Structure formats: C-alpha cells, structure tokens
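J.: Structure of the sequence below:
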Amino acid sequence: MRAVLDTNVLIYAYFSDTEKHEDARKLLASLDGWVIPFIVLVELFWFGRGAGLDTKGTRDLILTYVMDRRAELAHNDLDELLDSLSCEDPLDWEDELILSIADREGIPLATFDAEMRDKAEIRGIQVIP
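T.: Below you'll find the predicted structure:
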C-alpha cells in the first residue's frame with residue numbers, strides 16, 4: 001500500500017524520544033510506498049532546526065526519508081496551490097497542500113494528527129493508522 005505522509009509521521013519515526021516513535025516506525029515499515037509532499041520536507045527542515053539539529057543533522061533527517069527506495073516526492077500543481085490559498089486560516093495552508101496530494105493520488109493519508117484526520121475524513125480521504 002502507498003500513502004501520503006504527514007510530517008508528524010516522519011518526526012515520530014526519526015526521533016526515538018517521541019511518544020509515538022514505535023507506532024510511526026511500524027507504520028512506515030508496513031507501507032510499500034511513501035508519497036512525501038514537498039511541503040512536508042520544508043516542515044521537516046524547520047522542525048529539525050527548531051529541535052536543535054545542526055545543518056548536517058537536518059540534512060541527515062531529510063535524506064533518511066528521501067533516499068529510501070519507497071519514497072516518492074510529490075509536488076502540488078498550480079490548481080492545488082491556488083485552491084489551498086483560499087483556506088480561511090493561513091495556518092491550515094500546509095495541511096491543504098498535503099491533503100490535495102492524497103486527494104489527487106486517491107490514496108490514504110498517514111497521520112497521527114487528530115485535526116488533520118478530521119480534515120481528511122471530511123474530504124473522503126482514508127486515514128491510517
């Protein structure tokens with residue numbers, strides 16, 4: 001199975017001191033394909049820097065995922081970008097970009113975020129776990 005990955009899945013899987021570390025690692029191991037939206041890599045970069053990783057550490061964090069044979073980097077097209085800009089709360093913009101890829105690909109979204117789960121379900125997108 002392929003799934004679009006939300007940023008929190010990658011964060012939990014990478015950082016062993018997170019509460020959902022094992023759940024995230026098992027989830028990633030269960031998937032044949034990881035569709036990683038470009039915006040997720042941007043969020044991952046900023047999270048790594050905020051978590052105190054240096055340049056090399058942040059680079060290693062991102063490369064851990066993008067160099068995996070299961071990884072597929074996904075970009076938003078112009079229509080998806082324009083649609084995402086119409087969200088009322090600017091803080092929802094990244095979520096909209098991620099959801100639009102899951103919607104376009106017709107595959108589940110992998111997330112541990114309850115709010116993101118609700119947004120996906122409203123749009124008819126399957127959510128795992």
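J.: can you give me the helices in this structure?
T.: According to DSSP state H, the chain carries its helices in the segments 7-14, 21-30, 38-50, 55-66, 78-84, 93-105, 114-122.
J.: Quick one: mean pLDDT for the first one?
T.: To tie it back to what came earlier, the one meant is helix 7-14. For helix 7-14, mean pLDDT rounds to 98.
J.: Run the angle between that helix and helix 114-122 for me.
T.: 130 degrees (axes from the mean of the first three to the mean of the last three C-alpha atoms, to 10 degrees).
J.: Any chance you could list what contacts helix 7-14?
T.: Helix 7-14 is contacted by residues 18-21, 23-25, 27-28, 36, 40, 43-44, 47, 61, 64-65, 94, 98, 110-113 when judged by C-beta atoms under 8 Å, 6 or more residues apart in numbering. C-beta coordinates here come from the backbone N, C-alpha and C atoms, glycine included.
J.: how about the CA coordinates for it, as CSV?
T.: Provided in CSV are the C-alpha atoms of helix 7-14 (Å, rounded to 0.1, in the frame of the first residue of the first chain):
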residue,chain,number,x,y,z
THR,A,7,5.1,15.5,8.7
ASN,A,8,4.4,14.1,12.1
VAL,A,9,4.8,10.5,11.0
LEU,A,10,8.4,11.2,9.9
ILE,A,11,9.2,13.2,13.0
TYR,A,12,7.9,10.4,15.3
ALA,A,13,9.7,7.8,13.3
TYR,A,14,13.0,9.6,13.4
